[in-house]
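**Q** just the structure for this:
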Amino acid sequence: MLCGIEIHQRIAGRKLFCGCYPSDGKGQCATFTRKLHAVLSELGELDSAVRLEAVRERSFKYGAPNRSSCLVEADEEPPREVSPDALSAALVFCQFLNSKPVDEMHIMRKNVIDGSNTSGFQRTALLGTGGAIETPSGKVRILAVCIEEESAGIVEGSEREAEYDLSRLGVPLVEIATAPDIKSGKQAQEAALAIGTLLRKTGLVQRGIGSIRQDLNVSVPEGARVEIKGVQALELIEKTVELEAARQVALAALSAEIQTLTGGKPAEQVFFDLTEIFSETKSQLVSKQLKTGAKLLGMKLPKLAGILGKEILPGRRFGTELSDYAKSTGLRGIIHSDESMEKYGFSEDEISESSAAMSIGKTDAFVMVVGDEKRARAALSEVASRASYKGVPGETRRANPDGTSSYMRPLPGKARLYPETDLTPVQITKEMIRTASLMVKKIGEAHEEKEELLSSLNSDLSSQLSSARGLISHNPSFPSSSSSPTPELAAFAEAVKQGVDPKLAASAITNTLQSLKREGADTKQLDEPRLLSALLLCKNSKITKAAIANVLKEMCNDSGATAEGAAKKLGIEKITGSALEKLLKEEKLELSGLMAKYRLQVDAQEAQEIIKNR
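**A** Alright, predicted model coming up:
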């Protein structure tokens, strides 16, 4: 097996070709609708993936949040020059990967008409080539480092239209593509982790769900290069790679069987209009669509009886693969002869009459689709081509949450590229490279500071704290350093500096805040000073360690509450010293009974010491 990965990571800061900053998309929003059409490449060719999308003839509705989009995202204004911050960050990544920057960066247009770009293309540019990363399973070479713009986020989609949000369109991405040096799913996961860790180490990238994604390119000797897009979870990479290799092996064997059965003769693309036969059908799936003017078309697949029901992966059959091809034209899927007709609500007479109309014999299979006639014919054409394909087709597939993948479109190629006409090439100067080198040095020094700061923690807690982001807000007036790039780390550093136990501070910031967030608390109500005040309250013996979570929760629920005020309101101020001695005399409880009653107010070790001395 051969495998290469492409890492797409959002770069922090403003968008690539305008002055807007990405946001959550909330707030006042303008809307507009577009239709996109296919255009030829620089060489006068039409890309196959673009051609397939054009068949769907969808319209696209866009929501343009005022706070995070402008006329550039709406394609009503030319792009401005490339963000110098994004370019500088990408050059830093090149240095870490030992990739050689190009002398002159040319921006290209990449045809994409699925609505994810308002203009009908995505802007991308090659910035560096070469380099390598080390994994526990061996070295993996880097082929290219590119900088490009993020696509719009899809809100919802249907057969005829789709809706997108423009808040993320134009966010700068770095794309890092490896050579096909990866020999297993495990190594693919190791390579993704190594590159992701390197990018996060710089502090120049966005963090959080969706900020990084992996595309996988996989092939086996009897298969073909297949690109699997959008693997979000790192832990799914190994499974996705191994399942794709297994899928290709199974498909290659099945294809050989089909060629033997059919004598290598492709299925004739003869489509039968079966609408009249099913005009009175009790199948709701079909009747609802026929009432809107849709057609039900069928097609014969000679000699393939039983083949469509064969399993190629657990839970996925060859018929599932063919259905994915039909869906790519905008239909909901297919109905085929190797599945139960009863589940669709068809009568025996309807199946018998339609089989007779298509001349279906005992060794033949059939496929039916329902939709507007143009899409239905396109869907059956895709199914016929795929059913007759010799071997495994190279294609682009969408990653599924269970590690499998679904067909999206043909593999795109050079036919979707042409030069950007609104932007001039960018000279990569020696000064730019020198600046990137200085940033690499500073990042290295900051990383050493950070490692020293976290040295008192165990590896698990250190890792959790290093990756903690988005739990609290940032207060601009709070002191921080390059070794504390996040509010969470800055609060931890200051707490340790003021004498708070490092393990206590780290656990409160990671475990406690994560638990509160899962419970629904708005931890963003806390910033560095508020979080630090709660930790110092414990350090100064005003509350117990066990009470920190309660105090923080109250501060999350009440943005005006101080740590002292929250403890007082909850009645969990610490009982210590002479007050604790008095309580022990009055209560006359064993330690276990005392702690059961005063767990949030009494330190067990202090109480035990008093009991022991007495």
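**Q** so what's the residue count around the closest residue to E77 other than its chain neighbours?
**A** Leaving out its chain neighbours, the residue that sits closest to E77 by C-beta to C-beta, 6 or more residues apart in numbering is L71, at 3.6 Å. From N, CA and C alone the C-beta is placed, and that goes for glycine too. Using other C-beta atoms under 10 Å, the number of residues around L71 comes to 11.
**Q** next, the spatially closest residue to M299 that is not a sequence neighbour: secondary structure please.
**A** What sits nearest to M299 in space, not counting adjacent residues and going by C-beta to C-beta, 6+ apart, is L380, at 4.8 Å. Of the three states, L380 takes helix according to DSSP: H, G, I helix; E, B strand; the rest coil.
**Q** which ones are touching L380?
**A** Taking C-beta atoms under 8 Å, 6 or more residues apart in numbering, we find L380 in contact with Q269, F271, L297, M299, A326, V367, V369.
**Q** which element is the closest residue to R614 other than its chain neighbours on?
**A** Nearest residue to R614 in three dimensions, chain neighbours excluded: L584, at 7.8 Å (C-beta to C-beta, 6+ apart). For L584, the element it lies in under DSSP states H and E is helix 577-587.
**Q** and that helix, what does it pack against?
**A** helix 591-598, helix 604-613 (3 or more C-beta pairs under 8 Å, 6 or more residues apart in numbering; DSSP states H and E).
**Q** coming back round to it: can you count the residues close to the residue nearest to R614?
**A** Using other C-beta under 10 Å: L584 sits among 18 other residues.
**Q** for it, which residues are in contact?
**A** L594, A607, I610, I611, R614.
**Q** which of those residues lies closest to G4?
**A** Set against G4, the nearest of these by C-beta to C-beta is A607 (61.2 Å).
**Q** show me what contacts I5?
**A** A177, T178, I182, A188, A191, A192, I195, Q214, D215, L216, N217, I237.
**Q** try S462
**A** L454, A506.
**Q** looking at this, it is in a helix?
**A** Yes - assessed by three-state DSSP, S462 belongs to a helix.
**Q** so V140 versus E57, what's the distance?
**A** 42 Å (C-beta to C-beta, to the nearest Å).
**Q** to clarify, my last question referred to S578.
**A** The spacing between S578 and E57, counted by C-beta to C-beta, is 82 Å.
**Q** then H106?
**A** Where E57 is concerned, H106 sits at a distance of 33 Å (C-beta to C-beta).
**Q** strands of the stretch 251-400 of the chain, start to end?
**A** 271-273, 295-301, 311-313, 316-317, 335-336, 365-371, 395-399 (DSSP state E, counting those that start in this stretch).
**Q** who's in contact with the lowest-mean-pLDDT helix or strand in the chain?
**A** The weakest-scoring helix or strand in the chain, judged by mean pLDDT, DSSP states H and E, is helix 591-598 (a mean of 77). With contact meaning C-beta under 8 Å, 6+ apart, helix 591-598 is reached by I575, L583, L584, E587, L589, V602, A604, A607, Q608, I611.
**Q** for these, which one is nearest Q259?
**A** Of the contacts of helix 591-598, the one sitting nearest to Q259 (C-beta to C-beta) turns out to be A604, at 75.1 Å.
**Q** how's the protein carved up into domains?
**A** Listed by automatic domain parsing, the domain ranges of the chain are 2-257+415-419, 267-388, 430-613.
**Q** same drill for S578 and E57, tell me which one is more crowded.
**A** The neighbour count for S578 versus E57, taken as other C-beta under 10 Å, is higher for E57 (15 against 8).
**Q** just the pLDDT for that one.
**A** For E57, the model assigns a pLDDT of 84.
**Q** can you pull out the strands in the stretch 51-200 of the chain?
**A** Under DSSP E, counting those that start in this stretch, the stretch 51-200 of the chain gives strands at 59-65, 100-101, 104-105, 107-111, 121-129, 132-135, 138-149, 153-157, 161-165, 172-178.
**Q** which of these sits most buried?
**A** Among the strands of the stretch 51-200 of the chain, ranked by average contacts under mean count of other C-beta atoms under 10 Å, first place goes to strand 172-178 (a mean of 24).
**Q** paired strands for it, with orientation please.
**A** strand 2-10 (antiparallel), strand 138-149 (antiparallel) (DSSP bridges).
**Q** quick one: contacts for L261?
**A** Counted by C-beta under 8 Å, 6+ apart, L261 has contacts K303, L304, I307.
**Q** if we go to 7 Å?
**A** L261 makes contact with K303, L304 under the criterion C-beta atoms under 7 Å, 6 or more residues apart in numbering.
**Q** quick check: it vs E222, distance?
**A** With C-beta to C-beta as the criterion, L261 and E222 are 19 Å apart.
**Q** do the same with S340
**A** S340 is 32 Å from E222, by C-beta to C-beta.
**Q** more neighbours: the two, which one.
**A** E222 (14 against 7).
**Q** and the residue lying closest to the more buried one once chain neighbours are set aside, how far from Y389?
**A** Nearest in space to E222, with sequence neighbours left out and distances taken as C-beta to C-beta, 6+ apart, is A252 at 4.1 Å. Look at A252 and Y389: by C-beta to C-beta, they are 11 Å apart.
**Q** more neighbours: the two, which one.
**A** A252 (17 against 14).
**Q** who are the contact partners of that one?
**A** So A252 contacts E222, G223, G391, V392 (C-beta under 7 Å, 6+ apart).
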